[in-house]
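Asks: show me the folded form of this:
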Amino acid sequence: MKTLYLDCGMGAAGDMLAGALYDLLSEEQRAEFLHIADAFSAVGLNVRCTAAEKCGIRGIHFAVEYMNTDADEYAACIHEHEHLHEHKHTHEHEHEHAHEHEHNHEHEHHHSHSGLHEIEHIIRALPVSDAVKEHSLAVYKLIAEAESHAHGVPVELVHFHEVGALDAVADIVSCCVLIEMLAPERIAASPVRTGSGHVHCAHGILPVPAPATAFILHGVPVYAGDIKGELCTPTGAALLKHFVHDFTAMPLMTILSQGYGMGKRDYPAANCVRALFGESPSEESADEIIELRCNIDDMTGEEIGFAFDKLLNAGAADVYTVPTGMKKNRPGIMLCVLCNAEKRSEIIRILFKHTSTLGIRECRMPRYILQRETQTAKFEDGTIRLKTAHGFGVKRAKFEYADIAALAERRAITLADAEKIAETAFKEFSE
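Replies: Just a heads-up that it's a prediction; the model follows:
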């Protein structure tokens, strides 16, 4: 399964995520992406992906620059039936996220305070796939909802300048395009480092993570770390919240490529998002198993065997015993049962009912399994099943013992001869 893993040990911002994803592309794919990114010129933006270095690590700095064209002219073309209230204001952005683009907007020009409705028009007019448009709008809505909650205004009244500038649209759409190009089947990420301290913005001095960022990160594992500054921005948080399937340590995977998206500021640690792309076991071959254990020293072998049958019939994946020493130097056994989460309650009930234990221990752990299949060869006097397993670079095959034994009995031959007959049959079957 194609897996994309995002290392957010230095937080996440839209431009850093875009840079890391772009760094994963082949030269041909990079040219394709830059051709798509040219469309941002219609809204007065220019996208540049340049080499950068942090703490000796090479990566990509993803930059969105304002051109001389007035973005409102494009907005007016899109919204010719919309009434946009235009007014002059100075673009002296006081709220500079640690990783967001820094623009020198000391000049004045006309600019609309557009809401989500206007942003939707801008995104839907871009020459990207419908899937990219829907993902982009979903990410932007997460940010708008967070700003709405932070400022106490309805989502429909959250204006463009509160949600983010046009460059945030470029960051979000670019990330969605890049993810579509990479086409991962699973996206995972590390817990997110938010930074600490305070940030100065138009509303005053706010704690890190900023209220909007903290709102977006509900349900996501985060930590502050020891760096003072805003390491995770609303745009970065929203992209992670939308795309990441689970936040965890790096899963089992074979790394095929890696990319680094660089932030502008310098810290003692490399200010970047690292993206790892590779192959990992399919979800069908990785799951969670529960192990239930109890120690017993006062049951007969027959009673334990009876409990075995009850547990297996109830759906336990496996049941086994381990010799152990008990109190007062008594020999005993540790009864262990493997089951999935759905069977947990029933298995616990059976353990208490059919054993003498007074307590059960539980351990949850990941489990990796080979993909299993069964093939059948038919004979005039019966059938033989071949059990196969594959995955993680290995292949295994084994005949069902009961079928081989039955064939040997029917034909009055040895097990070895019966197995040779089965091998010949399956060779012909496969051909």
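
Asks: going forward, measure contacts and count neighbours with C-alpha atoms only.
Replies: Fine.

Asks: just give the nearest non-adjacent residue to residue 396, would you?
Replies: Counting by Cα to Cα, 6 or more residues apart in numbering, residue 389 is the residue found nearest to residue 396 once chain neighbours are left out, at 5.1 Å.

Asks: what about that neighbour, which SS state?
Replies: Using DSSP: H, G, I helix; E, B strand; the rest coil, the structure places residue 389 in strand.

Asks: what about it, distance to residue 406?
Replies: Using Cα to Cα, to the nearest Å, residue 389 is found at 23 Å from residue 406.

Asks: and for residue 150?
Replies: Per Cα to Cα, residue 150 is found 72 Å from residue 406.

Asks: now do residue 303
Replies: Distance, residue 303 to residue 406, using Cα to Cα: 31 Å.

Asks: ok, those two, which is more surrounded?
Replies: Legend: neighbour count by other Cα atoms under 10 Å for residue 303 and residue 406, higher for residue 406 (17 against 13).

Asks: tell me which element the more buried one falls in.
Replies: Secondary structure assignment for residue 406, by DSSP states H and E: helix 401-411.

Asks: residues in contact with residue 392?
Replies: Residues near residue 392 by Cα atoms under 8 Å, 6 or more residues apart in numbering: 281, 370.

Asks: per-residue pLDDT, it?
Replies: Predicted confidence (pLDDT) at residue 392: the value is 77.

Asks: which parts of the stretch 301-431 of the chain are strands?
Replies: Secondary structure of the stretch 301-431 of the chain by DSSP state E, counting those that start in this stretch: the strands cover 318-325, 331-339, 361-368, 371-379, 382-391, 394-399.

Asks: okay, those, which one's buried deepest?
Replies: strand 331-339 (a mean of 20; mean count of other Cα atoms under 10 Å).

Asks: ramachandran angles for the closest residue to residue 207 other than its chain neighbours?
Replies: Leaving aside its sequence neighbours, residue 207 sits nearest to residue 198 (Cα to Cα, 6+ apart; 4.4 Å). Here the main-chain torsion angles of residue 198 (degrees, to the nearest 10) amount to phi -140, psi 160.

Asks: for residue 198, give me its contacts.
Replies: Counted by Cα under 8 Å, 6+ apart, residue 198 has contacts 205-208, 228-230.

Asks: shaky segments in the protein?
Replies: Flagging of the chain using pLDDT under 70 yields the residue ranges 68-115, 155-165, 202-203, 282-286, 428-431.

Asks: the most centrally placed residue in it and residue 8: what is the separation?
Replies: By Cα atoms, centre = their mean, the chain has its centre lying nearest to residue 188, at 2.4 Å. Here residue 188 is placed at a distance of 11 Å from residue 8 (Cα to Cα).

Asks: do residue 305 as well
Replies: Taken as Cα to Cα, the span from residue 305 to residue 8 is 51 Å.

Asks: which one of the two has more residues nearby?
Replies: Using other Cα under 10 Å, the more surrounded residue of residue 305 and residue 8 is residue 8, with 24 against 12.

Asks: quick check: chain neighbours aside, which residue is closest to the more buried one?
Replies: Nearest to residue 8 is residue 192, by Cα to Cα, 6+ apart, at 5.2 Å.

Asks: surely the residue nearest to residue 396 touches residue 399?
Replies: No - using Cα atoms under 8 Å, residue 389 is not in contact with residue 399; the gap is 11.8 Å.

Asks: now the helices for this protein?
Replies: 14-23, 27-37, 71-78, 116-124, 130-151, 160-163, 166-182, 211-216, 234-243, 301-313, 344-354, 401-411, 415-430 (DSSP state H).

Asks: would JSON lines of those helices with distance to residue 61 be doable?
Replies: JSON lines is the format used below for the helices of the chain (distance: least, Cα to Cα, whole Å):
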{"stretch": "helix 14-23", "distance to residue 61": "6"}
{"stretch": "helix 27-37", "distance to residue 61": "14"}
{"stretch": "helix 71-78", "distance to residue 61": "24"}
{"stretch": "helix 116-124", "distance to residue 61": "23"}
{"stretch": "helix 130-151", "distance to residue 61": "21"}
{"stretch": "helix 160-163", "distance to residue 61": "23"}
{"stretch": "helix 166-182", "distance to residue 61": "12"}
{"stretch": "helix 211-216", "distance to residue 61": "22"}
{"stretch": "helix 234-243", "distance to residue 61": "15"}
{"stretch": "helix 301-313", "distance to residue 61": "57"}
{"stretch": "helix 344-354", "distance to residue 61": "49"}
{"stretch": "helix 401-411", "distance to residue 61": "61"}
{"stretch": "helix 415-430", "distance to residue 61": "53"}
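
Asks: which one, of those helices, ends up nearest to residue 250?
Replies: Residue 250 sits nearest to helix 234-243 of all the helices of the chain, at 15.4 Å, using Cα to Cα.

Asks: that closest one: how far from the chain's middle?
Replies: Here helix 234-243 is found 12 Å from its chain centre; the criterion is Cα atoms, centre = their mean, to the nearest Å.

Asks: who touches that helix?
Replies: Residues contacting helix 234-243 (Cα under 8 Å, 6+ apart): 12-14, 17, 138-140, 142-143, 168, 172, 187, 189, 212-213, 216-217, 220.

Asks: for ChimeraX, write the selection for the buried entries among these.
Replies: Here is the ChimeraX command that selects only those of the contacts of helix 234-243 that count as buried (16 or more other Cα atoms under 10 Å):
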select :12,13,14,17,139,140,142,143,168,172,187,189,212,213,216,217,220
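
Asks: all good on my end, thank you.
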